[in-house]
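Enquirer: below: sequence and its predicted model.
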Amino acid sequence: MHDTDNSGFEESKKTATMTFRIDENVIKILRSESKRNQITLNSLVNQLLKRYVEWDMYQPKVGLIPIAKPIVVELFNKMSKEDISDMAKRIGKDVVHDIALFMKNRMDLDSFLSWFERRMTSSLTETNHTIQDGYHIYVLKHELGENWSLYHKIVIELIFNEIFNKTVNVTVSSTTIRFRFKD
C-alpha cells in the first residue's frame, strides 16, 4: 500500500494505492459509466466506495429500505396534512436523530448536516448549500410532493429547535425545501 499526501488541495486527504480483482463485466460497466459521466475510472470507484462507507453499509443496520419514488409520492399524497404533522412529531424527529447519530457517531450540527445532505442525495434530491452574511442556506429540490416537503419541514424545525437550540427558518413548496439558519 502506498500513501500519497495530496497537499495543495483545500481538504488534503491521504490516498492509498491498492489492487483488486474485479469481474471483467463489472469493469466494462464501470468504464462505460465513467465515460458517460466524464470522470476517470479511479474517481468513479472512489465515489462508489465513499458512498458505500458513508451510506450504503448503514442502510440495513438502521432499517432504511429502498422504495420507488412513485410509491413514496403516492403514500405521502394519500395522507392528510394533520397525519403528516403527527407522524413527523411523533416518530420522525426521533428516527432521524437516531439514524444520524448511529451513522455519524455523534449528533452535533455539522455531523447532522453532513448526514442530511447525504440522505437527500441518496433520495435523488438535489441539494444546494450556500453561506450568505453568516447564514447557512440549504435548498433541496425534489419531485416528491407537498406532503413530503411538509414532513421534512417539521422534522428539521424540531431537530434544530429541540436538539441544537437553534432557530431555523424553513419554507416549502411541492418541489422544494429551503431552510436558513445563523452560523
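Expert: Yes, it's here. As the structure is a computational prediction, the values presented were derived from the model and not from experiment.
Enquirer: what packs against the strand or helix carrying residue 117?
Expert: Following DSSP states H and E, one finds residue 117 within helix 109-122. The contact analysis (3 or more Cβ pairs under 8 Å, 6 or more residues apart in numbering; DSSP states H and E) places helix 109-122 against helix 93-104, strand 126-132, strand 135-141. From N, CA and C alone the C-beta is placed, and that goes for glycine too.
Enquirer: any chance of the ones you listed in JSON lines, with mean neighbour count too?
Expert: Output for the helices and strands packed on helix 109-122, formatted as JSON lines (neighbours: other Cβ atoms under 10 Å):
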{"stretch": "helix 93-104", "mean neighbour count": "17"}
{"stretch": "strand 126-132", "mean neighbour count": "11"}
{"stretch": "strand 135-141", "mean neighbour count": "16"}
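Enquirer: poorly predicted segments of this protein, please.
Expert: 1-12 (pLDDT under 70).
Enquirer: in it, which spans are helices?
Expert: Taking DSSP state H, the helices of the chain run over residues 24-36, 41-51, 59-62, 69-78, 81-87, 93-104, 109-122, 146-158.
Enquirer: check what contacts the first one and list those residues.
Expert: What that stands for is helix 24-36. 22, 40, 41, 43, 44, 45 (Cβ atoms under 8 Å, 6 or more residues apart in numbering).
Enquirer: next up, the contacts around the first one.
Expert: Going by Cβ under 8 Å, 6+ apart, residue 22 touches residue 30.
Enquirer: at 10 Å what do you get?
Expert: Residue 22 sits next to 30, 45 when contact means Cβ atoms under 10 Å, 6 or more residues apart in numbering.
Enquirer: per-domain residue ranges of this structure.
Expert: Listed by automatic domain parsing, the domain ranges of the chain are 2-57, 68-182.
Enquirer: number of nearby residues for residue 113?
Expert: When neighbours are defined as other Cβ atoms under 10 Å, residue 113 has 15 of them.
Enquirer: appreciated, that's everything.
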